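Visitor: Just need the structure, nothing else, for what follows:
(one chain, ligands or ions: 2)
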Amino acid sequence: MQTLFKNIMELVQVRETPISFVSGKDMNVLPTIKDAFLLVENGLIADYGKMSDCPDLKDIEVVDISGKTVLPTWCDSHTHLVYAGTRETEFVDRINGLSYEEIAQRGGGILNSAKQLQNTSEDELYRQSKERLEAIIRLGTGAVEIKSGYGLNLEAELKMLRVIKRLNNDYALPVKATFLGAHAIPQEFKNKKSAYINRLIDEMIPRVADENLADFIDVFCETGYFSVEDTALILEAGIKHGLVPKIHVNQFTAIGGVQVGVKYRALSVDHLEEMRDEDIEVLMNSSTMPVALPGCSYFLGIPYTPARKVIDSGLPLAIATDFNPGSAPSGNMNFVVSSVCVKMKMTPEEAINAATINGAYAMGLEKQVGSITKGKLANFIVTKPISSYNFLPYSFGNHCIENVYLKGKVVE
Ligand SMILES: N=CN[C@@H](CCC(=O)O)C(=O)O
Ligand SMILES: [Zn+2]
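Guide: Residues are numbered from 1 along each chain as shown. Ligands and ions are numbered 1, 2, ... in the order given. Okay, the predicted model is just below:
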């Protein structure tokens with residue numbers, strides 16, 4: 001089955017030679033082909049090039065996309081989109097003066113979501129989550145990572161992970177699963193954190209691994225949640241069971257989370273709203289991807305990750321939504337791409353690299369998605385007629401996408 005997309009105004013993020021990620025000055029380079037064609041075969045990218053070199057293929061489906069731009073779908077490497085209910089009452093509480101930490105200390109926050117999720121059936125959780133997944137696909141996301149962490153007991157964590165697995169089976173985009181049992185200390189373990197960590201290590205991680213329900217292990221390494229020492233213990237247990245670390249660090253305080261992530265060869269360290277010089281230093285010469293989550297900075301009114309400092313030091317940077325009910329209730333990668341340009345002074349080229357190939361790397365999917373490269377999944381966005389790709393971040397809040405294709409098929 002072949003489909004030829006022809007007369008593409010600009011084909012963006014074309015990588016002839018496969019790359020894993022881009023860093024430093026290379027983040028500002030975004031290779032494109034103007035007046036291009038794209039050939040899809042059996043759901044994969046088979047060929048592309050200038051229209052002047054377009055092959056004359058008979059009896060195949062042809063889609064004329066004159067005036068439109070094509071780019072790989074967004075790679076959202078950090079979400080919590082499987083959750084139950086909402087938390088807009090806390091949103092109003094924050095407007096009225098309470099802080100995120102104060103709300104959490106009163107049993108709101110992650111514990112509020114955990115209570116709602118524990119009382120929700122697996123089918124209902126699937127139903128709520130699939131609506132969110134379908135919405136982000138329509139917004140151009142073509143690969144996503146989803147975390148557990150609102151269960152906080154074995155049964156509810158397994159429920160979340162089974163829902164993530166079901167989403168992966170039922171939809172055409174790659175879905176990676178992360179076990180985040182160490183998201184908060186559950187109410188029943190208040191003042192008994194070590195007992196909960198033992199439960200995670202002795203019971204929950206082995207069970208998640210046995211049932212093959214997760215690719216990654218995550219910890220919320222933060223003051224008041226899990227310390228650097230706790231994080232090390234949990235990551236070691238995860239690694240022992242074949243899970244790759246990918247952790248929450250430096251959201252409110254820099255306590256050495258980046259260092260522990262690099263030490264355990266985390267695939268990514270995410271948040272980084274607070275960053276010290278030593279955090280940048282330890283990331284140099286590591287294989288760990290720093291990930292910024294500007295939706296969280298926007299929604300909580302906390303600092304944005306210092307992207308210029310990260311990139312100008314020669315490091316790579318990925319960007320993701322952090323889609324969750326408490327700190328970023330939006331899975332819109334278009335908003336994320338625009339925000340990093342406006343608030344973090346990233347160029348559109350840097351933002352698109354961060355949201356595609358670098359995001360793919362941050363979930364171990366750089367061989368399948370993240371660029372227009374032969375053999376990769378034909379997951380791509382066709383924009384409405386726009387003057388250039390710069391228009392995407394410029395035109396914030398507007399819907400510039402005409403169609404999304406997953407494995408070469410248009411999403412209805
Ligand atoms: N920081 C930890 N976890 C989520 C927020 C969780 C919540 O508030 O429900 C985050 O990445 O921002
Ligand atoms: Zn998160």
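Visitor: the helices in the stretch 151-300 of the chain, which residues?
Guide: 154-170, 193-199, 205-210, 228-240, 257-263, 277-283, 294-300 (DSSP state H, counting those that start in this stretch).
Visitor: got TSV for those, with mean pLDDT, distance to ligand 1 and mean neighbour count too?
Guide: All C-beta atoms are positioned from the backbone trio N, CA, C, and that covers glycine. Shown next, in TSV, are the helices of the stretch 151-300 of the chain (pLDDT from 0 to 100; distance: least, CB to the nearest ligand atom, whole Å; neighbours: other CB atoms under 10 Å):
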stretch	mean pLDDT	distance to ligand 1	mean neighbour count
helix 154-170	98	13	19
helix 193-199	98	16	16
helix 205-210	98	18	17
helix 228-240	98	13	20
helix 257-263	98	11	24
helix 277-283	98	17	17
helix 294-300	98	5	22
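Visitor: quick one: which of these is nearest residue 406?
Guide: Minimum separation from residue 406 across those (CB to CB) falls at helix 154-170, 12.3 Å.
Visitor: Contacts made by the closest one with the rest, please.
Guide: Outside helix 154-170, the residues within contact range by CB atoms under 8 Å, 6 or more residues apart in numbering are 82, 114, 117-118, 122, 125-126, 129-130, 133, 146, 148-151, 174-175, 177, 179, 181, 199, 203-204, 207-208, 211, 213-214.
Visitor: Name all residues that make contact with residue 291.
Guide: 77-78, 268-272, 317-320, 359, 362.
Visitor: Scan those residues and report the most crowded one.
Guide: residue 319 (35 neighbours; other CB atoms under 10 Å).
Visitor: Need phi/psi at the residue nearest to that residue when sequence neighbours are not counted.
Guide: In this structure, residue 319 finds its nearest non-sequential neighbour in residue 354, 4.3 Å apart by CB to CB, 6 or more residues apart in numbering. When read as degrees, to the nearest 10, the backbone of residue 354 gives phi -60, psi -30.
Visitor: Wait, residue 354 touches residue 315, no?
Guide: No: under the criterion of CB atoms under 8 Å, residue 354 is not in contact with residue 315, lying 11.3 Å apart.
Visitor: So between the two, which is more surrounded?
Guide: residue 354 (31 against 19).
Visitor: Pick out the residue of this protein closest to ligand 1.
Guide: residue 326 (2.3 Å; CB to the nearest ligand atom).
Visitor: in a strand, that's where that residue is, yeah?
Guide: No: counting by DSSP: H, G, I helix; E, B strand; the rest coil, one finds residue 326 to be coil, located in no strand.
Visitor: For it, what are phi and psi?
Guide: Dihedral angles of residue 326 (phi, psi; degrees, to the nearest 10) stand at phi -100, psi -50.
Visitor: Among the contacts of helix 154-170, name the buried ones.
Guide: 82, 114, 117-118, 125-126, 129-130, 133, 146, 148-151, 174-175, 177, 179, 181, 199, 204, 207-208, 213-214 (16 or more other CB atoms under 10 Å).
Visitor: Contact residues of the stretch 51-200 of the chain facing ligand 1?
Guide: Within the stretch 51-200 of the chain, the positions adjacent to ligand 1 are 109-110, 113 by CB under 6 Å from any ligand atom.
Visitor: if I pick residue 304, what's in contact with it?
Guide: 273, 292, 294, 297, 339-340, 343-344.
Visitor: With residue 411 instead?
Guide: Residue 411 makes contact with 137-138, 403-405, according to CB under 8 Å, 6+ apart.
Visitor: And for residue 333?
Guide: 74, 76, 136, 139-141, 320-321, 355.
Visitor: That one and residue 364, how far apart?
Guide: Separation of residue 333 from residue 364 (CB to CB, to the nearest Å) stands at 18 Å.
Visitor: show me what contacts residue 386?
Guide: Residue 386 sits in contact with 68-69, 392, 395, 400, where contact means CB under 8 Å, 6+ apart.
Visitor: How is this structure partitioned into domains?
Guide: 2-74+370-410, 75-361 (automatic domain parsing).
Visitor: Need the distance between the two termini of the shortest one.
Guide: Read that as domain 2-74+370-410. Start-to-end span of domain 2-74+370-410 (CA to CA, to the nearest Å) is 14 Å.
Visitor: what helices or strands is the lowest-mean-pLDDT helix or strand in the chain leaning on?
Guide: Ranked by mean pLDDT, DSSP states H and E, the weakest helix or strand in the chain is helix 100-105, scoring a mean of 91. Under the contact criterion of 3 or more CB pairs under 8 Å, 6 or more residues apart in numbering; DSSP states H and E, helix 100-105 touches helix 88-95.
Visitor: Against which helices or strands is the helix it packs on packed?
Guide: Judged by 3+ CB pairs under 8 Å, 6+ apart, the packing partners of helix 88-95 are helix 100-105.
Visitor: what's the helix it packs on in contact with?
Guide: 90, 93-94, 109-111, 184, 224, 252, 300, 326-327.
Visitor: Give the buried residues for it.
Guide: 100, 103-104.
Visitor: can you check stretch 357-371 too?
Guide: By 16+ other CB under 10 Å, the buried positions in stretch 357-371 come out as 357-366, 368-371.
Visitor: again with stretch 78-94
Guide: 78-84, 87, 90, 93.
Visitor: Which two among the residues you listed are spaced furthest apart?
Guide: Farthest-apart pair in the buried residues of stretch 78-94 is 78 and 93; separation 24.8 Å (CB to CB).
Visitor: Secondary structure class of the residue of the chain positioned farthest from its centre, three-state.
Guide: Computed with CA atoms, centre = their mean, the maximum C-alpha offset from the centroid of the chain is found at residue 58, amounting to 39.5 Å. Secondary structure, three-state DSSP: residue 58 is coil.
Visitor: excluding its backbone neighbours, what's nearest residue 344?
Guide: residue 307 (3.9 Å).
Visitor: What count of nearby residues applies to that neighbour?
Guide: 26.
Visitor: same thing with the one 4 residues further on?
Guide: A total of 26 residues lie near residue 311 under the criterion other CB under 10 Å.
Visitor: Now list the buried members of the contacts of residue 411.
Guide: Buried, going by 16+ other CB under 10 Å: 137, 403-405, out of these.
Visitor: Sounds good, over and out.
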